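Enquirer: Sharing a sequence plus its predicted fold:
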Amino acid sequence: MYYVRKKEGLEEELSSRQSEKAEYASRIDAFAQKEFGIADFTEISKNGLNLRDGQRYGVLCRQVATARIEEVAYLAASRYLNLAPVNFTLTGDVFNSRNIDKVHLVKLRLITGHSENGKPIVCVRTLAKPSDVEGLILNKILLGKVALPEYHFSLRQKTFSACLPPTRDVGNLLFSLYLKAAKNPPSFVFVTDGARSVKKETCASNLETARPPAFWYYPLYLANFVLGNLVLYETYENKRGGVPKIREDFRAAMDRVKDAVGIYPLVVQIPPLDETMLSINEALYGGGWLDKIVIPENFSGDTVSLFELAAKQAIAIRKNGSS
């Protein structure tokens, strides 16, 4: 219901939505106008994202784009699913040591080689102590003279080389635009105070630099995945993640969009983040590895299996280019 799990199902949905794109766009605009007081929502999103007309994109959204096995797998999966990869980021979010994604941005899990039996050799490189950066805005965290997102951008350049997917910081490009356009804004927003984020009443805030709360922008964010030009890679079905509240928030927002528009946003289910997906294989530095990840033409698994297959091959690549 909430996820697409097969390539064939995704292709059918994309074709169907393309033929009804104008009608769905009208419904989305009506939803944004009625619920949030935002006029011309789809036009705001189009201008804010500045993506190529007619292209279908596969979106991986993480606070900071980096070069982990998950990102490598999503690049390979996007090629298989005939989607152009693009990273959405939220670098204005704050660091939280209870979030394993954010922790692994400052404690890199590196695959530095392989043992004789082929198992990856893993070490951890600590860029900053999580306790030292707790509560800091991610793009304000400095690693020496380099901001955290810029450090990870350098890892992406080394890893993806000419295949580097584009990045859009939706916190700045979209959510702030929605907030400024809304006649029905949230009662509070988050504003920057030095390197930290402070909760403040909306009426007393400068909306040029404010960030709306997630409960307010999340249905708007998901509405961008209705028309068929954007497909989100995500999952909240992590039995070990302890995130039932987040899962219910996701489902409630998906249902809200579906009730207003008539169809669910397109979300392709992927594996939850774990130590495998959070790892970085140093053998991929320098690029040239994409053709070593092969998805068989007769592949019949679901999208979770697709990511896992690509991840397994990415981990197996060695520094001499073999696998």
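Expert: Good, I have the coordinates.

Enquirer: can you map out the strands along the protein?
Expert: Along the chain, the segments classed as strands by DSSP state E run 57-61, 84-89, 107-114, 120-126, 142-143, 146-147, 167-169, 188-193, 196-201, 230-234, 267-269, 279-281.

Enquirer: For the second one, which strands pair with it and how are they oriented?
Expert: Strand partners for strand 84-89, identified by DSSP bridges, are recorded as strand 57-61 (parallel), strand 167-169 (parallel).

Enquirer: State the next helix or strand along the chain beyond the last one.
Expert: It refers to strand 167-169. Sequence order places helix 170 as the next helix or strand after strand 167-169, per DSSP states H and E.

Enquirer: other SSEs contacting that following helix?
Expert: Identification of packing neighbours for helix 170 by 3 or more C-beta pairs under 8 Å, 6 or more residues apart in numbering; DSSP states H and E yields no helix or strand. From N, CA and C alone the C-beta is placed, and that goes for glycine too.

Enquirer: change it to 10 Å
Expert: helix 41-49, strand 84-89, helix 176-181 (3 or more C-beta pairs under 10 Å, 6 or more residues apart in numbering; DSSP states H and E).

Enquirer: What confidence value was assigned to the closest residue in space to Ser16 that isn't next to it in sequence?
Expert: With C-beta to C-beta, 6 or more residues apart in numbering as the criterion, Ser16 has its nearest non-adjacent residue at 7.9 Å, and that residue is Gly228. The model reports Gly228 with a pLDDT of 96.

Enquirer: so what's Gly228 up against?
Expert: Contact analysis of Gly228 by C-beta atoms under 10 Å, 6 or more residues apart in numbering lists 10, 13-21, 24, 56, 263, 266.

Enquirer: how close does the spatially most central residue of the chain get to Glu12?
Expert: What sits nearest the mean C-alpha location of the chain, by C-alpha atoms, centre = their mean, is Cys61, with 0.8 Å. Note on Cys61: its distance to Glu12, by C-beta to C-beta, to the nearest Å, is 24 Å.

Enquirer: And Asp169, by the same measure?
Expert: 32 Å.

Enquirer: Which one's more surrounded, those two?
Expert: Legend: neighbour count by other C-beta atoms under 10 Å for Asp169 and Glu12, higher for Asp169 (20 against 12).

Enquirer: any idea how far that one is from Leu273?
Expert: Distance of Asp169 to Leu273, computed by C-beta to C-beta: 20 Å.

Enquirer: all helices for the chain, in order.
Expert: Listed in chain order, the helices of the chain (DSSP state H) span 7-19, 21-36, 41-49, 69-81, 100-106, 130-133, 148-160, 170, 176-181, 214-223, 244-261, 303-316.

Enquirer: Of all these, which one comes closest to Phe88?
Expert: Proximity to Phe88, assessed across the helices of the chain by C-beta to C-beta, is greatest for helix 170 (4.7 Å).

Enquirer: what does the closest one rub up against?
Expert: 45, 48-49, 59, 61, 87-92, 176-178, 217, 221, 224.

Enquirer: Most neighbours among the contacts of Gly228, which one?
Expert: When neighbours are counted as other C-beta under 10 Å, the busiest of the contacts of Gly228 turns out to be Leu266, with 25 neighbours.

Enquirer: farthest residue from the center of the protein?
Expert: Largest separation from the mean C-alpha position in the chain: Glu116, at 35.2 Å (C-alpha atoms, centre = their mean).
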